[in-house]
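A.B. asks: Can you look at this prediction? I've put the sequence above it.
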Amino acid sequence: MLIVESRMRALLCASSLLLVGLGAGAAESLWKAGVARANITPDQALWLAGYASRDKPAEGKLMDLWVKVLALEDAKGRQAVLVTSDTLGIPQSIYQDLCAAFKEKFKLRPDQIMLSASHTHCGPVLRGALYDMYPFGEEQRAMIDKYSLGLEAKIIEATSNALASLAPAHLAAGEGAAGFAVNRRNNPEGQVSRLIQQGTLKGPMDHSVPVLAVSRADGSLVAMVFGYACHNTVMAFYQWSGDYAGFAQLALEKSHPGATAMFFMGCGGDQNPLPRHEVILAERYGQMLAAAVEETLLGPPRNLAPELKTSLEIVPLNLGAAPTEPELQEMITDGKTPTGQRWARRWLGRLKTGPPLARTYPFPVQGWRLGSQLWLALGGEPVVDYSLKFKKEFGEGAWVAGYCNDVMTYIPSLRVLKEGGYEGGGAMLPYGMPAFRWGEDVEDLIDAAARRAVKQLE
């Protein structure tokens with residue numbers, strides 16, 4: 001292990017003492033918390049999501065993939081459920097199915113449900129997402145549909161188990177830091193090692209590691225929820241893997257037997273773990289992230305009162321100009337990329353035979369307040385500008401997650417939109433969106449929705 005066992009044992013003992021102290025000194029009024037998990041590793045050779053260069057399905061696994069659920073209930077009986085998953089992103093159709101099922105089975109509204117994806121690029125393609133990226137046929141689509149239905153069922157079952165296991169608990173918040181995320185737009189990958197040595201990496205970046213510690217009244221740790229704003233893209237091979245976030249969770253669960261480690265992605269749309277492409281690097285970054293969580297557990301806890309508020313804004317984001325028939329025909333003819341050709345053929349057929357292309361997209365902006373802790377969750381793949389922006393607006397202690405509830409494509413700030421590139425608009429094609437880019441009011445609309453969501457938490 002890259003963190004020596006003696007250090008891990010010391011951290012375990014120290015954090016256990018901290019948590020016992022937390023339990024002894026906390027107010028009588030408590031949260032309730034319950035945790036459950038489900039193994040979601042595919043048992044068939046599905047295609048892996050995330051790299052257009054892949055040309056075949058998965059060939060094995062480096063580690064299992066998981067869905068993990070944390071159910072919370074405050075002193076007044078208000079509930080919320082966090083679901084973390086080793087997936088590239090939860091597509092809209094699965095989000096909608098789960099919202100309907102949670103309402104029917106658990107009486108939970110969409111604002112009470114946060115579906116988070118780790119954005120591992122070594123997880124399976126899911127229903128209705130990235131179909132233009134890969135050359136698979138109807139047989140593979142049928143396998144994807146079957147797996148996706150099974151994924152929904154496992155999330156529902158794990159949520160039921162988490163709610164059934166609700167028991168008195170304490171919540172504490174803290175924040176650490178890990179320095180391996182690099183802004184991939186401003187630092188060419190081949191130059192990163194030299195730039196690191198020279199100390200000349202360019203930003204913006206967000207190296208914060210928010211941590212939520214959930215413990216029982218006796219101080220025993222139940223769950224560690226932690227986040228980081230960086231793509232899970234160390235590996236690009238053909239094996240199932242949670243990437244660096246998977247290694248971080250394995251390390252934390254080894255250090256804290258019986259506790260569940262849960263990872264959420266921050267606004268890392270333009271952030272990469274660099275250098276990369278070696279398993280040892282994925283493990284190293286995971287150990288660095290785990291160490292940041294451990295150090296945070298050692299610090300003085302900021303206890304969170306058992307008061308829960310939730311909100312959700314679904315804001316229609318404007319799409320840029322719709323592609324025209326000549327533009328689509330040219331993309332088909334020039335054959336620059338297979339993804340672009342598949343995208344153009346599909347939308348050309350729609351222009352000729354179907355209804356007009358949608359010009360807006362329903363974008364989720366969610367707000368939770370756990371005691372004094374504000375937690376914002378955005379859909380899509382937001383660039384780091386959003387995290388920095390909302391921390392400035394709502395306080396440096398605010399947590400800002402991306403990749404939640406519906407991952408439809410990248411979410412650029414106005415700056416990135418104008419600069420262009422993959423995050424600025426190029427990713428609309430592999431994600432299958434009916435436009436080349438978002439409208440120029442994308443950041444303003446999300447900002448206004450976030451302000452409304454936070455206002456509802458007062």
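C.D. replies: That came through, no problem. This one's a predicted model, so the numbers in the text were calculated from it and none came from an experiment.
A.B. asks: Was I right to think D132 contacts W347?
C.D. replies: No - between D132 and W347 there is no contact under C-beta atoms under 8 Å: 9.2 Å. To be clear about C-beta, it is placed using only N, CA and C from the backbone, and glycine gets the same treatment.
A.B. asks: contacting residues for the closest residue to P338 other than its chain neighbours?
C.D. replies: Spatial nearest neighbour of P338, excluding adjacent residues (C-beta to C-beta, 6 or more residues apart in numbering): P135 at 6.6 Å. By C-beta atoms under 8 Å, 6 or more residues apart in numbering, the contact set of P135 is D55, P338, R342.
A.B. asks: Equivalent analysis for Q96, please.
C.D. replies: Residues near Q96 by C-beta under 8 Å, 6+ apart: none.
A.B. asks: A75 now?
C.D. replies: By C-beta under 8 Å, 6+ apart, A75 lies in contact with S29, L30, W31, P306, E307.
A.B. asks: Surely the second one is in contact with L171?
C.D. replies: No - judged on C-beta under 8 Å, L30 makes no contact with L171 at a distance of 9.2 Å.
A.B. asks: These two: which is more packed in?
C.D. replies: Set L30 next to L171 and count neighbours by other C-beta atoms under 10 Å: L171 wins out with 28 against 19.
A.B. asks: give me the element the more buried one is part of.
C.D. replies: Using DSSP states H and E, L171 sits in strand 167-177.
A.B. asks: Walk me through which strands the following helix or strand past that strand pairs with, and which way each runs.
C.D. replies: For strand 167-177, the following helix or strand on the C-terminal side (DSSP H and E) is strand 181-183. Sheet pairing of strand 181-183 (DSSP bridges) gives strand 271-273 (antiparallel).
A.B. asks: Quick check: buried residues in the longest helix belonging to the chain?
C.D. replies: Criterion DSSP state H: the longest helix present in the chain is helix 138-164. Burial within helix 138-164, assessed by neighbour count using 16 or more other C-beta atoms under 10 Å, is assigned to 140, 143-144, 147-148, 151-152, 154-156, 158-163.
A.B. asks: How much space separates the residue nearest to P338 from P42?
C.D. replies: 19 Å (C-beta to C-beta, to the nearest Å).
A.B. asks: what does K68 give?
C.D. replies: K68 is 17 Å from P42, by C-beta to C-beta.
A.B. asks: Helices of this protein, residue ranges please.
C.D. replies: 5-25, 92-106, 138-164, 192-198, 243-255, 279-298, 325-334, 338-353, 384-394, 414-419, 421-424, 442-455.
A.B. asks: tell me how far the second one is from the chain's mean position?
C.D. replies: Its chain's average C-alpha position is 18 Å from that of helix 92-106, according to C-alpha atoms, centre = their mean, to the nearest Å.
A.B. asks: thinking again about what came up before, please read off the pLDDT at the residue nearest to P338 from the model.
C.D. replies: Note for P135: predicted pLDDT of 92.
A.B. asks: Just want the angle from the longest helix of the chain to helix 92-106.
C.D. replies: 30 degrees (axes from the mean of the first three to the mean of the last three C-alpha atoms, to 10 degrees).
A.B. asks: chain center to helix 138-164: distance?
C.D. replies: The answer for helix 138-164 is 18 Å, by C-alpha atoms, centre = their mean.
A.B. asks: Which strands and helices lie in contact with that helix?
C.D. replies: Where contact means 3 or more C-beta pairs under 8 Å, 6 or more residues apart in numbering; DSSP states H and E, helix 138-164 is packed against strand 31-39, strand 66-73, strand 79-85, helix 92-106.
A.B. asks: picking that back up, would you mind listing the buried residues in the strand holding L171?
C.D. replies: For strand 167-177, by 16+ other C-beta under 10 Å, it's A169, H170, L171, A172, A173, G174, E175, G176.
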